[in-house]
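> 3D model of this:
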Amino acid sequence: MVCLITGSSRGLGKIIALAFGKQGSRVVVHYRDNKSKADDVASEIKESIVLKAEVGDPEKVNALVDDVINKWGGIDVLVNNAGITKEALLIKTSGRDFDDIVNTNLKGPFNFIRAAGRHMMRRRRGHIINVSSFAGIKGKEGLSAYSASKAGLIGLTVTAARELARYNIMVNAVLPGYMLTDMGGGSSDRARDIALRESLVKEFSGPDNVAEFICYLAKTKGITGQVFNLDSRII
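Reported below is the predicted structural model:
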């Protein structure tokens, strides 16, 4: 099984890549800036390749996908994990920051779904799993751009599921919950306190559990167009 995980040089993406590798999958470790970290992840996976691309650039995404197809003949699983955020009140969020966040969190998955989806359609099989967020459903103070991008990703997930089901391509979204990874750990104390207070079990989410679920979902049949909340916060 060939698995492409965007943003897999660190954080949750790294954990997902390692989980697929542990199961014997061939893994594409994607990165944007830090090749050294991507190489470190790949070194822990038996069969892997490290590829760079700016997810918001369709030409670079197409080239990356073509490289994978040329090497391994196809892509079985696409996990759109790459994401960025920046905390600021809506009225203090610059247009540039808004564009950067949406470009990565929403246009990036759009570009990868189009590029990988064409190959999956020809093979008439595949799994696409989009990493969205609780903020995409509930919204979060100080995260207007991030919340908007993740809400859009849920809409993109459902639409892609409807369009690709006829080709036996399953498209789902997961909400990982609040984790103390690079992104969550860099948030404000207030944001972490709110997430913990809203949790029914009073615990942060574990990236290993999220990765395990994504690996499981990638092996299922007939499950598509769904949004899975991997958290104890109630939607």
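> and the host helix or strand of Val79, what does it pack onto?
Val79 belongs to strand 77-80 when assigned by DSSP states H and E. Contact analysis of strand 77-80 by 3 or more Cβ pairs under 8 Å, 6 or more residues apart in numbering; DSSP states H and E lists strand 2-5, helix 11-22, helix 108-123, strand 126-131 as its packing neighbours. From N, CA and C alone the C-beta is placed, and that goes for glycine too.
> from the ones you listed, which stretch is densest packed?
The highest mean neighbour count among the helices and strands packed on strand 77-80, using mean count of other Cβ atoms under 10 Å, belongs to strand 2-5: a mean of 28.
> Model confidence score at the residue most central in space within the chain, please.
Nearest to the mean C-alpha position of the chain, by Cα atoms, centre = their mean, lies Asn81 at 1.7 Å. Listed pLDDT for Asn81 reads 98.
> Tell me how far it lies from Asp208.
In this view, Asn81 and Asp208 are 15 Å apart by Cβ to Cβ, to the nearest Å.
> Ok, Leu106 next?
27 Å.
> What of Tyr178?
Using Cβ to Cβ, Tyr178 is found at 15 Å from Asp208.
> Which residue of these two possesses the greater neighbour count?
Tyr178 (23 against 14; other Cβ atoms under 10 Å).
> Wait, a helix at that one?
No: checked against DSSP: H, G, I helix; E, B strand; the rest coil, Tyr178 lies outside a helix; its state is coil.
> Report the separation between it and Gly225.
Relative to Gly225, Tyr178 is positioned 25 Å away (Cβ to Cβ).
> Next SSE downstream of the lengthiest helix in the chain?
Taking DSSP state H as the criterion, the chain has its longest helix at helix 144-164. Later in the chain than helix 144-164, the nearest helix or strand by DSSP H and E is strand 169-175.
> Kindly reformat the helices and strands packed on strand 77-80 as TSV containing mean pLDDT and distance to Val28.
Shown next, in TSV, are these (pLDDT from 0 to 100; distance: least, Cβ to Cβ, whole Å):
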stretch	mean pLDDT	distance to Val28
strand 2-5	98	4
helix 11-22	97	8
helix 108-123	98	10
strand 126-131	98	14
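> For those, give me CSV that also has distance to Arg162.
Output for the helices and strands packed on strand 77-80, formatted as CSV (distance: least, Cβ to Cβ, whole Å):
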stretch, distance to Arg162
strand 2-5, 22
helix 11-22, 25
helix 108-123, 13
strand 126-131, 13
